[in-house]
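> Prediction below, plus the sequence it came from.
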Amino acid sequence: VQLQASGGGLVQGGESLRLSCSGSGLTLEGFGMGWFRQAPGKEREWVSGISSGASSTTYADSVKGRFTISRDNAKNTLYLQMHSLKLEDTAVYLCAKDLRGTSYPSGMDYWGKGTLVTVSS
């Protein structure tokens, strides 16, 4: 039972990247999902969330207008499309499953291994 994030890499500022998060042995449908990130030397921060049916999405102010969260329940996969990447977006990005179905984090019970996003100037 695990979540696995992928899609990270090295990009230049202003470029785009799409992250994916798949559940293995874990059904994501029916639960809210979220993306978090942790930059070197900093605490983990919440980035974005999506409700179980994808009717509601929420974003941290720092990424609003640049990132888009989505999900494909048929594929048991969560996505994070990132545009106009900035140096400060450099971090390990982690996906997580919520205990409830809301887009705001209420309590994450499964965490995936992160994928590193590095934005260079």
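Happy to help now that I have it.

> Need the residue closest to the centroid of this structure.
Most central in the chain under C-alpha atoms, centre = their mean is residue 35, positioned 2.7 Å from the mean C-alpha point.

> Could you give me the buried positions within the helix or strand that contains it?
Using DSSP states H and E, residue 35 sits in strand 33-38. The neighbour-count check on strand 33-38 (16 or more other C-beta atoms under 10 Å) flags 33, 34, 35, 36, 37 as buried. Glycine gets a C-beta too; all of them are placed from N, C-alpha and C.

> by how many degrees do the helix or strand following that strand and strand 33-38 diverge?
The helix or strand immediately downstream of strand 33-38 is strand 45-50, counting by DSSP H and E. Interaxial angle, strand 45-50 versus strand 33-38 (axes from the mean of the first three to the mean of the last three C-alpha atoms, to 10 degrees): 160 degrees.

> between the buried residues of strand 33-38, which is closest to residue 48?
residue 35 (4.8 Å; C-beta to C-beta).

> Could you check the pLDDT of that closest one?
pLDDT recorded at residue 35 is 98.

> What of the one 10 residues further on?
Reported pLDDT at residue 45 in the predicted model: 97.

> Quick check: bridge partners of it?
residue 37 (DSSP bridges).

> That one and residue 30: what is the separation?
26 Å (C-beta to C-beta, to the nearest Å).

> Could I get the contacting residues of residue 4?
Shown in contact with residue 4 (C-beta atoms under 8 Å, 6 or more residues apart in numbering): 21, 22, 24, 112, 113.

> Neighbours of residue 18, how many?
Neighbourhood size, residue 18 [other C-beta atoms under 10 Å]: 13.
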